[in-house]
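# got a sequence here, can you model it:
(chains A and B)
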Amino acid sequence: MKILKIKKESFEGVNDSLEITLEGYENTKPIFPKDITAEELKTKLAEWKIKQDEVNNINADRTPRDPETTEQDNDELPEQLKSLEGTEV
Amino acid sequence: MGGKNSGRRPNFVNKLSPKALPLGTNQTEPLILPNYSGVKKFADERGLFQGAQTLQEAYENSTTPEITTDSTRGALTLKRGSAADSNNMFEILRGDGTSAFSLTAAGYMEMLTSSNITFTIAENSSNIEFETDDGDLKFIPANGTVIVSGDVTVTDEAYGAGWNGSLEVPTKNAVYDKIETIAAPDLGNWTFTDSELSHDATVAADAVIVNDDQDKDILIKVNDGGVETTAIQVHGDKGVISMPAQCYVKATRSTDLTISHNTSTTVTAYDSETDDGGNFNTTTGVFTAPEAGKYLVISEVRWLNLTANKRYYTTCGGARSEFYMPTTTSFSTIRSSAVLEMSASGTASVVVTQLTGVSRDVTNVIFWIIKIA
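Numbering: from 1, shown residues only, chains lettered A, B, ... in the order given. Purely as a prediction, here's the structure:
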């Protein structure tokens, strides 16, 4: 896994961080604290790669979601209303 | 007939007409035949026979070598005999024996000369005319041009009310001058130079282009790869301006995308798009600016299963938006926008990041790009 680019990034909560571009992962870039050491970075990247590969496998298995279904998502409905689903009125 | 000179009498004497001799007309007078000398003297005095056996001899015997025709005998004629019509009937040879002029029985005339052929009309009001019964009259100089020092006139038809009736063929310079005149009309305070129309900066009046017909639009068109395309359309009735060639993108990804903790992830694999100009790559999710300018970029990202008190980021073409979710909720949509000053071939995409500590999904990502200036 080759590091293609290390770019300074700044997120609130993770100030002065580093965004790493890795060969084969150009669209997903891990972010680490700026003061991380080289040895720590190598270890963290190895861990990140394992998790990212899992995420990529998940994304590869995705099927398109119907936008209309999503718009009608009622997860935010109060419990008393959600319980009405499937009941006769 | 039995005189001592009868044996020397030349043959031509026998051919003399009896009427040409001073014989008695009634055949009753004594027949006194002249001797040879007398006959020759008689013939020479009357020019009856010069003794020429060839045309050359006739020429040489002539004081003035000419033939005078009269109304009885008519024209002097050369008639083709056993030769073909294509054979020469009349020919002028140079001193070296080569032909300078020839005329066949078919009427084909050929002049071979290294000097000018001049037709001179000495009398006034006379023309040199070349006529053809059927076919063109051609001047075909193999190496050079047809040069006319006077005017050349042709039959023609009037091509406008301003036609002055002249049938003269114009020269190239005359045509050029006319084109120059047409190409540089009076444009008032405007000047047209090469490909540029300019308004005089010293004039107080505004530079105005007016379309007085509300049913007509003002169009500025371009050639896009051989296809004429309207770039700017000013509608005549309302003055509304359309720019149909201006790039516009609306791309949608309806598939869920899992985002790792603290990982900037470019949204890719869009599944539908409107892309006027073909500048967006749905696979990579990257928009490439066709020209430098200002672009309005808008993104809409729906996060799923948001964790309370965590931060979510959307970077749209480099402009970052932050969203803080104070409570746990099943989904929430973040819309961010920016006006980007992009260079030609500059890129923009939607990048999402979240700091929840675990992976989170986004879905229904929409990305708009509109060039505004």
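# what is the neighbour count of B:Asn305?
15 (other C-beta atoms under 10 Å in any protein chain shown). Placement of C-beta: from N, CA and C, glycine included.
# can you pull the contacts of it?
Residues in contact with B:Asn305 (C-beta atoms under 8 Å, 6 or more residues apart in numbering or on different chains) are B:330-331, B:360-361.
# element containing it?
Assigned by DSSP states H and E, B:Asn305 belongs to strand B:293-306.
# can you pull out the strands in the stretch 1-150 of chain B?
For the stretch 1-150 of chain B, the strands defined by DSSP state E, counting those that start in this stretch cover B:88-93, B:99-104, B:109-111.
# so where's the chain shaky on pLDDT?
Unless you meant another one, I'm taking chain A. A:11-15, A:64-89 (pLDDT under 70).
# try again with chain B
Ranges of chain B meeting pLDDT under 70: B:1-32, B:34, B:47-51, B:158-160, B:184.
# which residue does it have closest to chain A?
Using C-beta to the nearest C-beta, the single residue of chain B nearest to chain A is B:Ser330, 3.3 Å away.
# excluding chain neighbours, what is closest to B:Arg335?
The shortest distance from B:Arg335 to any non-neighbouring residue, by C-beta to C-beta, 6 or more residues apart in numbering or on different chains, is to B:Glu300 (4.6 Å).
# so what sits opposite the one you found in the bridge?
Counting by DSSP bridges, B:Glu300 is bridged to B:Arg335, B:Ile366.
# for B:Asn61, see how far away it is.
Plainly put, B:Glu300 is 123 Å away from B:Asn61 if you go by C-beta to C-beta, to the nearest Å.
# same thing with B:Glu180?
71 Å.
# neighbour count winner among these two?
Using other C-beta under 10 Å, the more surrounded residue of B:Glu180 and B:Asn61 is B:Asn61, with 12 against 9.
# identify all contacting residues around the longest helix along chain A.
Longest helix in chain A, counting residues (DSSP state H): helix A:38-60. Contact with helix A:38-60 is made by A:1, A:3, A:20, A:22, A:25, A:28, A:30, A:32, A:36, B:256-260, B:263, B:359, as judged by C-beta under 8 Å, 6+ apart.
# now for those: which two are most distant?
For the contacts of helix A:38-60, the farthest-apart pair by C-beta to C-beta is A:Ile36 and B:Asp256; their separation is 30.7 Å.
# before we move on, the earlier item: list the residues that contact the residue nearest to B:Arg335.
Shown in contact with B:Glu300 (C-beta under 8 Å, 6+ apart): B:333-335, B:364-367.
# now these in CSV, with neighbour count and distance to B:Met243?
Below are those laid out as CSV (neighbours: other C-beta atoms under 10 Å in any protein chain shown; distance: C-beta to C-beta, whole Å):
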residue, neighbour count, distance to B:Met243
B:Thr333, 13, 30
B:Ile334, 18, 30
B:Arg335, 15, 25
B:Asn364, 20, 29
B:Val365, 24, 27
B:Ile366, 21, 22
B:Phe367, 26, 20
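# who has more neighbours, A:Ile36 and B:Asp256?
Neighbour count, other C-beta under 10 Å: between A:Ile36 and B:Asp256, B:Asp256 has more, with 19 against 14.
# narrow the contacts of B:Asn305 to those in strands?
B:330-331, B:360-361 (DSSP state E).
# just the buried ones from those?
The neighbour count (16 or more other C-beta atoms under 10 Å in any protein chain shown) marks B:331, B:360-361 as buried among the ones in strands among the contacts of B:Asn305.
# could I get these as JSON lines with distance to B:Met342?
Listed next are those as JSON lines, based on distance: C-beta to C-beta, whole Å:
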{"residue": "B:Phe331", "distance to B:Met342": "32"}
{"residue": "B:Arg360", "distance to B:Met342": "30"}
{"residue": "B:Asp361", "distance to B:Met342": "30"}
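# which residues are in contact with the closest residue in space to B:Glu110 that isn't next to it in sequence?
Excluding the flanking residues, the one nearest B:Glu110 by C-beta to C-beta, 6+ apart is B:Ser102, at 5.1 Å. By C-beta under 8 Å, 6+ apart, the residues touching B:Ser102 are B:88, B:90-92, B:109-110.
# walking through the chain, point out its helices one by one.
Just so you know, I chose chain A. Taking DSSP H as the criterion, chain A carries its helices at A:38-60, A:67-71, A:79-82.
# I was after chain B.
B:11-15, B:36-46, B:55-61, B:172-183.
# among those, which is the most enclosed?
Mean neighbour count (mean count of other C-beta atoms under 10 Å in any protein chain shown) peaks for helix B:36-46 among the helices of chain B, with a mean of 13.
# so how far is that helix off the chain centroid?
Centroid separation for helix B:36-46 versus its chain: 80 Å, with C-alpha atoms, centre = their mean, to the nearest Å.
# stretch B:74-89 too?
On C-alpha atoms, centre = their mean, the centre of stretch B:74-89 falls 49 Å from that of its chain.
# ok, now stretch B:140-154?
On the basis of C-alpha atoms, centre = their mean, stretch B:140-154 sits 21 Å off its chain's mean C-alpha point.
# CA atoms only for it, dumped as PDB, please.
Extracted in PDB, the C-alpha atoms of stretch B:140-154 (Å, rounded to 0.1, in the frame of the first residue of the first chain):
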ATOM      1  CA  ILE B 140      -6.900  28.800 -75.900                       C
ATOM      2  CA  PRO B 141      -3.400  30.200 -75.300                       C
ATOM      3  CA  ALA B 142      -1.400  27.200 -74.300                       C
ATOM      4  CA  ASN B 143       1.000  29.400 -72.300                       C
ATOM      5  CA  GLY B 144      -0.200  32.900 -71.500                       C
ATOM      6  CA  THR B 145      -3.300  35.000 -71.300                       C
ATOM      7  CA  VAL B 146      -5.800  36.500 -73.600                       C
ATOM      8  CA  ILE B 147      -5.100  40.200 -73.400                       C
ATOM      9  CA  VAL B 148      -7.600  42.800 -74.500                       C
ATOM     10  CA  SER B 149      -6.600  46.400 -74.500                       C
ATOM     11  CA  GLY B 150     -10.100  47.700 -75.200                       C
ATOM     12  CA  ASP B 151     -13.400  46.900 -73.400                       C
ATOM     13  CA  VAL B 152     -14.900  43.400 -73.600                       C
ATOM     14  CA  THR B 153     -18.700  43.400 -73.600                       C
ATOM     15  CA  VAL B 154     -21.000  40.500 -73.100                       C
END
